[in-house]
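> show me how the following folds:
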Amino acid sequence: MTARDAGEDRPGGGRAGDDGEAAAAVAHAGAGNRRSRWEPLRKALLGARTLWAQVAARLGEPSDRPASGRTAMEEWRAVARRTFVTVGMFSACVNLLMLTLPIYLFQISDRVLTSRSTETLVMLSLLAIGLIVVLALLDTLRRQVLGRLATRMETILGGPVLASIVATAPVSDGGNVQPLRSLHQVRGFIASPTMLILFDAPMAPLYFAVVFLIHRDLGLIALGAGLALVAIAVVNQRATSARLAQAGRHASMADAQAEALARNAQVINAMGMLDSGVLQWGRDQARALSVQISALDRSFWISGVSRFLRLVAQIAILGWGAYLALDGYLTGGMMIAASIIAGRALQPLEGMIEGWRNLVHTRAAYQAVRACVEALHSEKPRLRLPRPQGRLTVDKLLYLPPGTKEPILNGVSFELQPGESLAIVGPSGSGKSTLARILVGCLFPTAGKVRLDSTELRNWDRNQFGEFTGYLPQEVELFPGSIKDNVCRMRGDLPDDQIYRAAMLAGVHDMICHLPAGYETVLERNGAPLSGGQKQRIALARTFFGEPSMVVLDEPNSNLDAAGEQALTEAMLRARRMGITIVVITQRPALLNIVDKVLILRGGRSEAFGPPREVLRRLLQPGPTQPVSQPAVAANAGASGPAAVPAE
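Coordinates of the predicted model:
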């Protein structure tokens, strides 16, 4: 173009304007092309972000409560099944995206290096980075999903496990919290990397298939190594499972011994039993450690062999792949890609061998959790009955401890009308405390019946029965918390006036008010800062909370001074006037003056039953004492008021 032509174009502005518009259009089109080029990746990232938010929100919903008609175990299985399907889908995508790196290396070696194209390198690199970003997001998401599942498992099963521990404590080992520890172990395993290996291992055939697609010989090498690792895993299981289970049993015994030492720390320190106690714990712990180290040694050697085999397989694939490349059957990129993919196929199998010990322990822990929860739900729901009047009937009671043939109680029978009080006396070992536990449903008799208002204790709903019953055990334990929480039985849905009435009924209101913080005084695990007698009186108020229909007091005055014993006597008199049936176990004659009936146990048998004066008169008669017959019991039941106990 000449200067004149240019000058002619300017005045009209047509050509110059057209050129500017064209340049602008080209620039806009270029920008549009660049945007359109990045649009799929942007949409993919936005979609992944939206999916992440939806899944996280879904998992965060408070849907942990069991659905109607489902037990806690069934609800957990349903939640776990849905979550495992989701994690399985994520794992399939993750394992497919794991092929990004070997394919990228293959393309770099066989396409970029041969064509020397910078544009191809840039596009391949950007595509690989995008896929790796998606891989990282999906891998993080599946880890987050498993972490949420672990939390939900404890939310769903934690309460039932603890309830089962408490409910089955009388028939097991007195409140072993091992199932709760097992629940924590399973929760930790679900959120651990070993759990991801379980989802990655089923994808190993995919990698073997890809190696076979590259070359049959390389696929056979990888498959042979995989089968060898599976065989090693079986050997590892057989070589270590029994020893690990044995080590777990010894460790549980050692833990139980340690808990016993911690509970009795004061006695151990006062009587110089620390060295012998630690020595006894050390024996069980040493057996556990010796068996465990033997199993670990075997596992370590087997893990070393598996790692050696995997590395040798990768070297064999590289070596044989190089030989095939020299003959022209493969390219260098295909050889490297086959080695990486084979390593990825063998890695989950090797990880299973290394994590086998954790898997075995977790499986045993889950079995314990499942048995614990199913034991709780094996009991059928009971009909909720009206408030009982307090009529207590014991008919031919027999109790044999598990594993023994000597009965603790044999043929014990008596009956109490509503509002009557009974004192159970007898020498140590005669079965008094066992009878008390049976009367409140903590133990079930081997034979015979215990009825409250004509309904056998087995047929009462446990929670409802507890509301109508008070129990003061021989060994008083208060819960960590305030005195108010202990008196109201840890219930916060009841008005404070019931706490006040229980304290007044037990005669402890003035004692509590003299404490610096009153009812808000916080107690430690051992009941501090209260003395033994004060703890027993607080427990007495807890027994009378809610004005129960029947209370059972086992040695309620064992730690009381004169003032406390007087308060106990007045509390029993007030309770009797309110129509509360009272069963008290005592060795002191003071309480015999205020009860309606006395039962004397000796060797697990009822030696005498009736009003105090008549029972003591029978005992003082010369000759062998005969048990009171049931007609006499019925006749004595109508006797008027308690009689004073004559001095011996």
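
> what is the burial count for L105?
By other CB atoms under 10 Å, 18 other residues sit near L105. C-betas here are computed from N, CA, C, even on glycine.

> just checking, it touches G333?
Yes. Contact criterion CB atoms under 8 Å: L105 and G333 qualify, at 6.2 Å.

> tell me the contacts of R382?
Neighbouring residues of R382 by CB atoms under 8 Å, 6 or more residues apart in numbering: 459-462, 464.

> touching stretch 410-422 from outside, list them.
For stretch 410-422, contacts defined as CB under 8 Å, 6+ apart pick out 389-398, 431, 435, 448, 549, 572, 576, 578-584, 594-599, 601, 604-606, 609, 630, 633-634, 637, 642.

> are any of those residues buried, and which?
Using 16 or more other CB atoms under 10 Å as the burial test, the contacts of stretch 410-422 include 390-395, 397, 431, 435, 448, 549, 572, 576, 580-584, 594-599, 601, 604-606, 609, 633, 637, 642 as buried.

> mean confidence for stretch 134-141?
Averaged over stretch 134-141, pLDDT sits at 91.

> what's the answer for stretch 258-265, then?
Averaged over stretch 258-265, pLDDT sits at 75.

> distance from that stretch to the middle of the chain?
Centroid separation for stretch 258-265 versus its chain: 23 Å, with CA atoms, centre = their mean, to the nearest Å.

> tell me which helix or strand in this structure has the weakest average pLDDT.
helix 630-637 (a mean of 37; mean pLDDT, DSSP states H and E).

> the closest residue to W320 other than its chain neighbours and I594, how far apart?
Distances taken as CB to CB, 6 or more residues apart in numbering place D217 nearest to W320, at 6.0 Å, with adjacent residues excluded. Distance, D217 to I594, using CB to CB, to the nearest Å: 97 Å.

> ok, A517 to R437 distance?
For A517, the distance to R437 - CB to CB - is 34 Å.

> got it, and R613?
From R613 across to R437, the span is 29 Å (CB to CB).

> please apply the same query to G507.
From G507 across to R437, the span is 26 Å (CB to CB).

> these two - which one has more neighbours?
G507 (22 against 18).

> show me the strands in this structure, by range?
Secondary structure of the chain (DSSP state E): strands at 392-399, 409-416, 421-425, 447-452, 455-456, 469-472, 481-482, 522-523, 550-554, 581-585, 597-602, 605-610.

> how many residues are close by L227?
Neighbours of L227 using other CB under 10 Å come to 11.

> show me the contacts for it.
The contact partners of L227, taken as CB under 8 Å, 6+ apart, number zero.

> Q367: neighbouring residues, count only.
Neighbours of Q367 under the rule other CB under 10 Å: 12.

> pLDDT value on it, please?
88.

> and it, how close does it get to I156?
Distance from Q367 to I156, by CB to CB: 17 Å.

> check P473 too.
P473 is 32 Å from I156, where distance means CB to CB.

> do M352 as well
M352 is 28 Å from I156, by CB to CB.

> what's the answer for M203, then?
According to CB to CB, M203 stands 29 Å off from I156.

> same question, S339
Taking CB to CB, one finds S339 at 45 Å from I156.

> what about stretch 443-451, average pLDDT?
Stretch 443-451 carries an average pLDDT of 86.

> how far does it stretch from start to finish?
Chord length of stretch 443-451, first to last residue, is 14 Å (CA to CA, to the nearest Å).

> list the buried residues of it.
Going by neighbour count (16+ other CB under 10 Å), the buried part of stretch 443-451 is 443, 445, 448, 450-451.

> circling back to that earlier point, would you mind telling me which of P473 and I156 has the busier surroundings?
Neighbours per residue, other CB under 10 Å: of P473 and I156, the larger number sits with I156, 23 against 18.

> and the closest residue to that one other than its chain neighbours, what pLDDT?
Nearest residue to I156, sequence neighbours excluded (CB to CB, 6+ apart): W76, at 4.8 Å. Here, the pLDDT recorded for W76 equals 88.

> for W76, what are its contacts?
Listed by CB under 8 Å, 6+ apart, the contact set of W76 reads 153, 156-157.

> just put those residues in JSON lines and tack on pLDDT and distance to L97.
Listed next are these as JSON lines, based on pLDDT from 0 to 100; distance: CB to CB, whole Å:
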{"residue": "M153", "pLDDT": "88", "distance to L97": "28"}
{"residue": "I156", "pLDDT": "88", "distance to L97": "32"}
{"residue": "L157", "pLDDT": "87", "distance to L97": "34"}
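
> for S549, see how far away the nearest residue to G441 once chain neighbours are set aside is.
Excluding the flanking residues, the one nearest G441 by CB to CB, 6+ apart is L457, at 4.8 Å. According to CB to CB, L457 and S549 sit 13 Å apart.

> swap in R143?
Counting by CB to CB, the gap from R143 to S549 is 54 Å.

> next one: A342
A342 sits 74 Å away from S549, going by CB to CB.

> equivalent analysis for A288, please.
Between A288 and S549 the computed distance is 49 Å (CB to CB).

> same check on P589?
For P589 relative to S549 (CB to CB), the value is 27 Å.

> mind showing which ranges of the chain have poor pLDDT?
The model of the chain has pLDDT under 70 over residues 1-69, 168-176, 263, 266, 377-379, 619-648.

> so which elements touch the longest helix seen in the chain?
Using DSSP state H, we find that the single longest helix of the chain is helix 274-326. Under the contact criterion of 3 or more CB pairs under 8 Å, 6 or more residues apart in numbering; DSSP states H and E, helix 274-326 touches helix 216-263, helix 332-354, helix 356-377.

> among those, which is nearest G527?
Ranking the helices and strands packed on helix 274-326 by proximity to G527 (CB to CB) places helix 216-263 first, at 13.1 Å.

> tell me the angle that closest one makes with helix 274-326.
Angle, helix 216-263 to helix 274-326, by axes from the mean of the first three to the mean of the last three CA atoms, to 10 degrees: 170 degrees.

> got the angle for helix 216-263 vs helix 356-377?
Between helix 216-263 and helix 356-377, the angle comes out at 60 degrees (the same axes, to 10 degrees).

> count of residues packed around Q257?
For Q257, the count of nearby residues is 18 (other CB under 10 Å).

> which residues touch it?
Q257 sits next to 277, 280-281, 284 when contact means CB under 8 Å, 6+ apart.

> list buried residues within the residues you listed.
Among these, those classed as buried by 16+ other CB under 10 Å are 277, 281, 284.

> could I get the contacting residues of the second one?
The reference is to W281. 254, 257-258, 261.

> R574: what's its closest spatial neighbour, skipping adjacent residues?
Closest residue in space to R574, ignoring its immediate chain neighbours: L505 at 5.7 Å, by CB to CB, 6+ apart.
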